[in-house]
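fold the stuff below for me.
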Amino acid sequence: MAEIYHVISRGVDKRKIFLDDQDRFRFIHDLFEFNDQKLVKTTFYAFFKIKKQFIDMMGKKEKERDPRKLLVNILVFCLMDNHYHLLLEPLIENGVFKFMKKLNMGYSRYFNIRHERQGTLFEGRYKRVLVKNEAHFIHLPYYIHFNPLDFKFYSWRERKIKNYKKAIKFLESYRWSSHLDYLGVKNLPSVTQREFLYDFFGGSKSYKNKIKEWLRSIDLDAIKDISLE
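The predicted structure follows:
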């Protein structure tokens with residue numbers, strides 16, 4: 001198995017790091033923009049007012065400029081209110097460190113300017129864990145994508161969901177993760193590199209068919225050493 005890291009970064013004192021969709025869009029932009037070995041110059045005003053054209057703009061940027069030299073493959077991501085999850089495959093030495101430094105510093109600067117605050121945004125250094133066990137790895141994409149259920153179906157963590165159909169529909173309505181793109185729905189496709197997991201899980205149809213099964217059977221105790229919660 002490739003070298004894969006589960007990464008999580010939280011707001012200091014568990015404060016919210018995404019206050020509205022504009023913040024979320026900006027962070028998505030940063031996930032894309034800072035995943036480059038070259039120096040990236042991005043300003044506070046860039047992507048400040050992002051609307052429906054966001055996905056097309058990212059696609060056009062790839063065509064209009066020199067191709068990016070990626071630091072990492074972003075396999076999975078999910079934004080919550082006060083933290084975010086990533087599943088990363090480094091492509092160069094210290095790729096995760098270099099990417100996370102650019103990402104958190106860049107987003108912190110944007111957030112502090114926009115919200116007129118000073119000081120640290122994130123709680124110390126991000127946490128990361130190397131996923132060594134393949135049995136653990138197959139849980140992680142689902143676990144990360146299921147995190148938004150905490151907003152309305154927190155019982156998923158105890159495998160006590162009463163209405164699986166509603167829970168699955170809720171996940172399909174939550175656009176701030178890579179879940180929709182793995183379902184085959186074009187949401188934020190330029191951010192992630194999905195070929196590895198598609199090969200692993202057998203494509204979007206297979207991924208979709210296993211969602212209910214994982215909701216019923218996922219054992220968080222079995223992955224507590226890699227869940228970083």
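
please name the bridge partners of V76.
L87 (DSSP bridges).

that one: how many residues sit nearby?
Other residues within reach of V76 by the criterion other C-beta atoms under 10 Å amount to 24. Bear in mind the C-beta positions are built from the backbone N, C-alpha and C, glycine included.

so it touches V131, yeah?
No: in this structure V76 lies outside contact range of V131 using C-beta atoms under 8 Å: 11.3 Å.

which neighbours do these two have in common?
L140 (C-beta atoms under 8 Å, 6 or more residues apart in numbering).

please name the nearest non-neighbouring residue to K14.
N82 (5.3 Å; C-beta to C-beta, 6 or more residues apart in numbering).

kindly report the same for K98.
L71 is the one closest to K98 (C-beta to C-beta, 6+ apart), at 5.4 Å.

what's the spacing between the residue nearest in space to the middle of the chain and Y164?
Note on the chain: the residue nearest the mean C-alpha position is F77, at 1.5 Å, using C-alpha atoms, centre = their mean. Using C-beta to C-beta, to the nearest Å, one obtains 24 Å as the distance from F77 to Y164.

which parts of the protein are helices?
Assigned by DSSP state H, the helices in the chain fall at 21-33, 54-64, 95-114, 134-137, 140-146, 164-173, 179-182, 195-201, 203-209, 211-217, 224-227.

any idea of the mean pLDDT in the second one?
Looking at helix 54-64 alone, the average pLDDT works out to 50.

ok, the third one next?
For helix 95-114, the mean pLDDT works out to 96.

what are the buried residues along it?
95-96, 98-100, 102-104, 106-108, 110-111 (16 or more other C-beta atoms under 10 Å).

same thing with the fifth one?
Using 16+ other C-beta under 10 Å as the test for burial, helix 140-146 gives L140, P141, Y142, Y143, I144, H145, F146.

which secondary element of the chain has the worst mean pLDDT?
In the chain, no helix or strand scores lower on mean pLDDT, DSSP states H and E than helix 54-64, which sits at a mean of 50.

and stretch 159-170, what's buried?
I161, A167, I168.

ok, D21 to F77 distance?
D21 is 16 Å from F77, by C-beta to C-beta.

now swap in L215 and tell me
20 Å.

before we move on, what about W156?
From W156 to F77 the distance is 19 Å (C-beta to C-beta).

cool, and R128?
Taking C-beta to C-beta, one finds R128 at 14 Å from F77.

with R216 instead?
24 Å.

which stretches of this structure have low pLDDT?
1, 41-65 (pLDDT under 70).

got the domain ranges for it?
5-130, 134-227 (automatic domain parsing).

for the shortest one, the distance to its chain's centre please.
Think domain 134-227. 12 Å (C-alpha atoms, centre = their mean, to the nearest Å).

gap between the two ends of it?
14 Å (C-alpha to C-alpha, to the nearest Å).

what sits against the closest residue to T120 other than its chain neighbours?
Distances taken as C-beta to C-beta, 6+ apart put V12 closest to T120, at 5.2 Å, once the chain neighbours are dropped. Contact analysis of V12 by C-beta under 8 Å, 6+ apart lists G119, T120, L121, F122, E123, G124.

try it again with 10 Å
Neighbouring residues of V12 by C-beta atoms under 10 Å, 6 or more residues apart in numbering: N82, G119, T120, L121, F122, E123, G124.

just P67 next, same as before
Contacts of P67 by C-beta under 10 Å, 6+ apart are D36.
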